[in-house]
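Undergrad: Fold the following for me, if possible:
(4 chains)
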Number of protein chains: 4
Amino acid sequence: MFSESNIDVRYPDVDAMGIVHHAVYPVWYEVARMDFFAELGFSYAAMHAQGINPPMVNLNVNFMATVAYPAAVTVRTQCLAFGPKKLKLGYEIRDGQGRVVSTAETFHIWTGPDNRSIRLNEALPEVYERFRSKIGTERETL
Amino acid sequence: MFSESNIDVRYPDVDAMGIVHHAVYPVWYEVARMDFFAELGFSYAAMHAQGINPPMVNLNVNFMATVAYPAAVTVRTQCLAFGPKKLKLGYEIRDGQGRVVSTAETFHIWTGPDNRSIRLNEALPEVYERFRSKIGTERETL
Amino acid sequence: MFSESNIDVRYPDVDAMGIVHHAVYPVWYEVARMDFFAELGFSYAAMHAQGINPPMVNLNVNFMATVAYPAAVTVRTQCLAFGPKKLKLGYEIRDGQGRVVSTAETFHIWTGPDNRSIRLNEALPEVYERFRSKIGTERETL
Amino acid sequence: MFSESNIDVRYPDVDAMGIVHHAVYPVWYEVARMDFFAELGFSYAAMHAQGINPPMVNLNVNFMATVAYPAAVTVRTQCLAFGPKKLKLGYEIRDGQGRVVSTAETFHIWTGPDNRSIRLNEALPEVYERFRSKIGTERETL
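TA: Residues are numbered from 1 along each chain as shown, chains lettered A, B, ... in the order given. I've put the predicted structure just below:
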């Protein structure tokens, strides 16, 4: 199970070199992550309503090729590892020619209303089971 | 009474033309506005603690000259008009050579904890009097 | 003749108040402006290829209502005034409920490869005539 | 040899959670990197004049604690590895209480005017030697 997000480059995303600045990619990866959660049936709005939040503890981005303006890119997002307390997502950005321009991994922990770590399987067992069934059991368990 | 804020251009502030993108200027003007409030003795933290907020209802920016990277600019901020419910600030940005590169005016209303318009002289009479005495009575009353 | 642009709010567009920060609106207005030029048959890429650029000399934005996340907005863009050396555009942003949340005007001058002011009707007469016929003669002449 | 950069949090850096958004950290790390190069005697302006550029090929950021507004942070930057074609930098951000809130590593390659990989020791031997002497020989060679 994966999600796909189509994103248009905006003019101020580009720096003096005429290419998308590297600090824009984390924003694109976040747009893609929100789409991924929505596709799992656990949107940002639903999370927020439950007081659940998956803060990022690590961001690792590879930059393989540049993107100019105007252009559109597609981000493909999937779950790399999943467990009661943690989540690792993987991403791949392709440009209009299908070339991979960047890949990334982000690592998150599940936190509750007091910003403390929680066990998602205890806090929201129904959501946890839905994740597990959609993401599949072949994934590394965290 | 006015405040001055020194700001360094950051590399991603610059667009493909090699000049600071116009959407960066509102951020600089906000940095300057926060400095102005702090200089008045009513910092953002103090406002926030009181549940007071001055949302912007109009932003008017003139762009006279470009700014490249690396560079530093200075923003000079003053109050143009002041009243129990409203506030108008004026700004001027100069580059390292003293050339005026941009001017702006922002118009704000005072709101309280429920985001409704308030009369600052009733909500925080001591703050209001401090503003009035520092800003001076020569200003247009709103 | 007008163009319409649909824009999704992104999570980092929102500030500590939970509403889209005012410095994001100029970026939305620029996305809309690029769409407007493309609709006129004179896209950013085409302009860039000709060495033509319409730098902004004034930005005037009104903020009537707030926008949260997640949400989508629509920007409607039209030409308010047009002449050989200048261009004034008008914009209106509506939220998903059709409420106008912001309006703006931007004022631009036409510049050529050396960043000097040009007369568009002399530099690119075909483009100028296309603009004039699509925008209509009822507009204020600059 | 290391450099230190002092950075003030700006209001729009903060997201709806009231904490600095993770996409701001790469901008802070870039400010710090520019300071590091300047301290080495090879500023961005000098690089640019020579047509030399160190594009980022990997960005790896750890997030340990949150930063609110208003606040100031300090970024400490050093070279982790260095070679004719490559460069690895390490960073540490501390808040006003001296707490480490984030660490990062960035990996860069040296490119020349045509955006192709170069050997810095051949392109700019004097700069390369300066780097090597200041950075020290205890570093991993790339």
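Undergrad: Would you confirm that residue A:84 contacts residue A:123?
TA: No. Using CB atoms under 8 Å, residue A:84 makes no contact with residue A:123, being 9.2 Å away. C-betas here are computed from N, CA, C, even on glycine.
Undergrad: Common neighbours of the two, please.
TA: Common contact partners of residue A:84 and residue A:123 (CB atoms under 8 Å, 6 or more residues apart in numbering or on different chains): residue A:110.
Undergrad: where does chain A have low pLDDT?
TA: Within chain A, the segments meeting pLDDT under 70 span A:136-142.
Undergrad: Name all residues that make contact with residue A:126.
TA: Here residue A:126 is in contact with no residue (CB under 8 Å, 6+ apart).
Undergrad: and if we set it to 10 Å?
TA: By CB atoms under 10 Å, 6 or more residues apart in numbering or on different chains, the contact set of residue A:126 is residue A:42.
Undergrad: Check the secondary structure at the residue nearest the centre of chain A for me.
TA: The residue lying closest to the centre of chain A (CA atoms, centre = their mean) is residue A:33, at 2.7 Å. Per DSSP: H, G, I helix; E, B strand; the rest coil, the local secondary structure of residue A:33 is helix.
Undergrad: if I look at it, how far off is residue A:91?
TA: 8 Å (CB to CB, to the nearest Å).
Undergrad: list residues touching both of those two?
TA: Contacts common to residue A:33 and residue A:91, judged by CB under 10 Å, 6+ apart, are A:3, A:5, A:75, A:77, A:104, A:106.
Undergrad: mind putting those residues in JSON lines, secondary structure, neighbour count and distance to chain B included?
TA: Formatted as JSON lines, these follow (DSSP: H, G, I helix; E, B strand; the rest coil; neighbours: other CB atoms under 10 Å in any protein chain shown; distance: CB to the nearest CB, whole Å):
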{"residue": "A:3", "secondary structure": "strand", "neighbour count": "18", "distance to chain B": "27"}
{"residue": "A:5", "secondary structure": "strand", "neighbour count": "20", "distance to chain B": "22"}
{"residue": "A:75", "secondary structure": "strand", "neighbour count": "24", "distance to chain B": "20"}
{"residue": "A:77", "secondary structure": "strand", "neighbour count": "25", "distance to chain B": "24"}
{"residue": "A:104", "secondary structure": "strand", "neighbour count": "23", "distance to chain B": "18"}
{"residue": "A:106", "secondary structure": "strand", "neighbour count": "25", "distance to chain B": "21"}
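Undergrad: Of these, which are in range of chain D?
TA: Counting by CB under 10 Å from any CB of the partner chain, A:104, A:106 from the shared contacts of residue A:33 and residue A:91 sit close to chain D.
Undergrad: Go through the shared contacts of residue A:33 and residue A:91 and name the one nearest residue B:42.
TA: Of all these, residue B:42 sits closest to residue A:106, with 39.4 Å by CB to CB.
Undergrad: list the contacts for the closest one?
TA: Counted by CB under 10 Å, 6+ apart, residue A:106 has contacts A:26, A:29-30, A:32-33, A:54, A:56-61, A:77, A:80, A:87-91, D:22, D:61.
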